[in-house]
Each structure stands twice: as C-alpha cells, then as structure tokens.
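Asks: Structure for this input, please:
(one chain, ligands or ions: 2)
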Amino acid sequence: MSPKTLYDKIWDAHIADEADDGTCLLYIDRHLVHEVTSPQAFEGLRLAGRKVRRPDQTIAVPDHNVPTTLDRANAATMTEDSRIQVEALDKNAKDFGLHYYPVSDVRQGVVHIVGPEQGWTLPGMTVVCGDSHTATHGAFGSLAHGIGTSEVEHVLATQTLIQKKSKNMKVEITGKLAPGVTAKDVTMAVIGQTGTAGGTGYVIEYCGEAIESLSMEGRMTVCNMAIEGGARAGLIAPDQTTFDYCMGRPHAPKGAEWEAAMAYWKTLFTDEGAHFDKVLTIKGEDIAPLVTWGTSPEDVLAITDVVPSPDSFEGGKVGAVKRSIEYMGLTAGQKLSDIEIDTVFIGSCTNGRIEDFRAAAAILKGKKIKEGMRAMVVPGSGLVRAQAEEEGIAQIFIDAGFEWRLAGCSMCLAMNPDQLKPGERCAATSNRNFEGRQGRGGRTHLMSPAMAAAAAITGKLTDVRDLM
Ligand SMILES: CC(C)[C@H](C(=O)O)[C@@H](O)C(=O)O
Ligand code: SF4
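Replies: Ligands and ions are numbered 1, 2, ... in the order given. Presented below is the predicted three-dimensional model:
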C-alpha cells in the first residue's frame, strides 16, 4: 500500500460514494449548528417534509448574536434580527430533537469551543459546521470543514457532504518557541508567509516539535486560522496530549469503547514517505510576538517592526496596502509599538479558552489597564468562565479593570451589541481584521492574549517581552 497522509486516511475512511470525476459523498460524524447559517436550512427541511437524519450527532448552540452582558436573559438586550435568529434556533433544536445548549445553559459558548469541550470532536472524525472557523476542530486530527447554508441543509437531511478532495500541504514548525511567543504567533506567522491564498486548494497538516509541544488549546488556536490562510482545513495528528484532553469528556467514548477508539486513533498519522504537494517549514525560534497592521490577516509583522510602505510591495498589493494604511489611520514608517489603542478584546474561538486567559492574566496580575481604556474579556464558553472564576483568573481581570463577560462571539464580529465605533482602535485576540469586522469604521490589530493584555496596560501595541 502506498503511504498516506493523515488527511488521506480520514478522507478514505469516510467515502460513502465516489463519482467518476472524483467528487465524493463523505459521511459526516458530527454536525455543529449555530443560529446564523441554519434558519434557512431548517426551513428547507420543513418545506420538504424531511427530518434530521442523525439528530443524535447534531449539536446546536447560539453564539454570534447573543449579548455577553450579565443582563442578557432580558430579550430587550438583543436587536430584533438577533432575537429572531436565536429564537429560531431554540425552536429548530426542539422540533428536530438536537443536542442543544441554549443561552441559559452553562455549557453555552462559541460553537468551536463547545464542541471539543463536550467531547463531540474526536480524532479521525469528519466534523462540519456552517462556519468557516470549523477548521478549529482539526486540532484533534479530525477533518473539519466549514460549509455553506445549502450544505447545512444537505448534511441535516443526509448526514453526508459532497466534496472534492483537496491537495496535501505540510506546515512544519521546528524547534522551540521563544518566551512570549504563543500558538497565536505561530498561526499568524504561517499566514504572514503564505498569504491569505497560500493554502487555497489544500488541507494543511501542521507538524514539527513546536506544534507537538502545544496544548490542545494552542493547537486549536493554530488550526482555527488555517482558513485565514485559504486552506480547506487544518489538521494536527492526535497524540497523548489529544487523548488526555478527550478522556472523560461527556460525549467521549467510555470503557471498552474508549479502548477501541484509542486503537484506531493511534493509526492516525502521516505515513513515512507520504506525498505532500506543498511544504512550508518555519523555525520556531525565528517567530517573534506578532501583530497585524492592516486589514488582512496576512498583514503580519513582529511588534518590533514599523508600518510598511506601500512601495515595498508588488502588483495589486501596493494599492491594497495604501488603502489599508489609510483605513487603519497609520503612517508608513511608524513604529508598531507607538500605535495607541482605546479598546482591548480578549476572547473568540481563536483565543477564548482557559489557557488564553491564564496567559493574559499572568501579564495583568497586580497591574491596572490604562486609564480610559475599554477592555473586555469574553470566555469562549460558560464552562471556561466558571473555570477562570475558580482559578482566580477572573478576579485578576476585574481588578485590572477589564469587564468580565458571559460567553459568545462578542466583539470578534459586529453581529451583537459588542462593537467598535468608527475610528476606534482595538487590540483583539480574534482572527479577522477586515474593514468593519468589529463595527463600522473600527480598526483591528490581531495578536495573542498575552500581547493584548500588555497593550491594555500601556495603551499602545506593546512587546509583551518587556512586561515579562
Ligand atoms: C457568521 C459566520 C458564518 C462566520 C464564518 O463563517 O466564519 C463567522 O463566524 C466569522 O467568523 O466570520
Ligand atoms: S468567535 Fe468569531 S471567528 Fe469564531 S465563530 Fe464566532 S464570529 Fe466566527
């Protein structure tokens, strides 16, 4: 047998049917659903008189539209549009008999944090969700695709997805990461090198010593942004770190089933000599704490750098950089560490997990945020929130001057009340810095939780190593 990549193995294990042109019908193990991309899909089922094929494998949670303030149980805190979407999910989950984590449930949170936390995401599975950041689940060595609303309907009805196979890409991060450098810097460094289209047509397998040494939280951060590099999915081979994370989770297998699952999971790695169509290698030691300066996730530089000049780019990027710098209200040559911010957002499916909060709290402990700064920390789930409270981390944030919120997508995107005003500038731990992403006219700089905490203290983009 010819050697296979991890992606090849999971793909092959899920083919239900294959057409002559290579288009496959893939069996889907887990389908995650949120309120934004599902209402029409459920309507489609109703119109066709169909049921959900595997309600026992379909998990729904509202996250994008929900307010994160403590008074959110009061429906008046939501806009009309948001309320309609969340109520539709409440009804659809009930009518179709899905696993559901409503706003009132402590397990509610961002769908990509809830899935792994509850043990729905496991190695070797196919996982889909009507959301581009489904890539997150690849951290478990599961093939996780973001899908569109018509595909959501197709998966609901059939538990299968029509897909063409992508090519294999390997991203190897060798060696060790320097102090102050985190999983977020790793994933931003990759996009900085490949650009937002570098992964187009590929499924990326991240490997190498620096990846293996990451916790599951860190691996999720890395895979979360595979999509920002254009890839169809991101994957990391499961290992002891993965198994330890999964063991004992509510929906993970138990007893003899666990043993059987483990026997399979241990076969999930890329065989020696398997072919990759594209390879990128980065030395872990070379990665510095990074920030974005522009309006694309590929606009990445070390915090010690300066705002670039449009002339230093080529082709269409020259104009794009010019526009970007203008939108961001910056000047070419300006030191990144001189950029003043007025808002800090720590959260999202990229960096809303307990380890992210520990890293930020380690910087904030005993310090206060800059006067006038608006800073919020938004747990990725109610359980992350509870754990942070138990560990005393929540209190560190509160003492420093942060707002301690309830779980949701929050200021990652402008679909709920947590938004920037025109011209406001935010240090954010999320994954997209597009124009208007956090609110019309808002300006976003992406970075790690530790870097965001450092910025909250000084009021400027800051090299976290100066505060360590
Ligand atoms: C609203 C949703 C469809 C969207 C996505 O697909 O990723 C959102 O989660 C995002 O991060 O932009
Ligand atoms: S936290 Fe942000 S990136 Fe993640 S699902 Fe929500 S809106 Fe999308």
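Asks: Could you look up the SS state of the nearest residue to V300 once chain neighbours are set aside?
Replies: Using CB to CB, 6 or more residues apart in numbering and skipping the chain neighbours, the partner closest in space to V300 is G192 (3.4 Å). (C-beta placed from N, C-alpha, C; glycine too.) Using DSSP: H, G, I helix; E, B strand; the rest coil, the structure places G192 in helix.
Asks: Quick one: residues contacting the residue in the stretch 201-350 of the chain positioned nearest to ligand 2.
Replies: For the stretch 201-350 of the chain and ligand 2, the shortest gap (CB to the nearest ligand atom) falls at C349, measuring 3.4 Å. Residues in contact with C349, defined by CB atoms under 8 Å, 6 or more residues apart in numbering, are 110-113, 133, 136, 220, 224, 380, 409, 412, 431.
Asks: Could I get the pLDDT score of the residue of the chain found nearest ligand 1?
Replies: Going by CB to the nearest ligand atom, ligand 1 is nearest to S132 of the chain, at 3.5 Å. What the model reports as pLDDT for S132 is 98.
Asks: Also D56?
Replies: Looking at D56, the pLDDT reads 98.
Asks: Could you find the closest non-adjacent residue to it?
Replies: Nearest one to D56, counting by CB to CB, 6+ apart, is H99 at 7.6 Å.
Asks: that older thread, surely the residue of the stretch 201-350 of the chain closest to ligand 2 is within a helix?
Replies: Yes - under three-state DSSP, C349 falls within a helix.
Asks: re the thing from before, got the contact list for the residue of the chain closest to ligand 1?
Replies: Contacts of S132 by CB under 8 Å, 6+ apart are 146, 227.
Asks: Show me which positions of whichever strand or helix holds V86 end up buried.
Replies: Assigned by DSSP states H and E, V86 belongs to helix 80-96. Of the residues in helix 80-96, 82, 85-86, 88-90, 92-93, 96 count as buried by neighbour count, 16 or more other CB atoms under 10 Å.
Asks: Equivalent analysis for stretch 47-65, please.
Replies: Buried-residue list, stretch 47-65, by 16+ other CB under 10 Å: 52-55, 57-65.
Asks: follow-up on the earlier one: phi, psi for the residue of the chain closest to ligand 1 please.
Replies: Torsion angles at S132 (phi, psi; degrees, to the nearest 10) stand at phi -60, psi -30.
Asks: What's the separation between it and P308?
Replies: Here S132 is placed at a distance of 27 Å from P308 (CB to CB, to the nearest Å).
Asks: Show the residue spans covered by the strands in the stretch 351-468 of the chain.
Replies: 374-377, 403-404, 425-428, 443-446 (DSSP state E, counting those that start in this stretch).
Asks: I'd like those strands laid out as a markdown table, including distance to F313, mean pLDDT and mean neighbour count.
Replies: Output for the strands of the stretch 351-468 of the chain, formatted as a markdown table (distance: least, CB to CB, whole Å; pLDDT from 0 to 100; neighbours: other CB atoms under 10 Å):
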| stretch | distance to F313 | mean pLDDT | mean neighbour count |
| --- | --- | --- | --- |
| strand 374-377 | 33 | 98 | 24 |
| strand 403-404 | 38 | 98 | 16 |
| strand 425-428 | 23 | 99 | 26 |
| strand 443-446 | 19 | 99 | 26 |
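Asks: Select, out of those, the one closest to ligand 2.
Replies: Using CB to the nearest ligand atom, the strands of the stretch 351-468 of the chain put strand 425-428 closest to ligand 2, at 9.9 Å.
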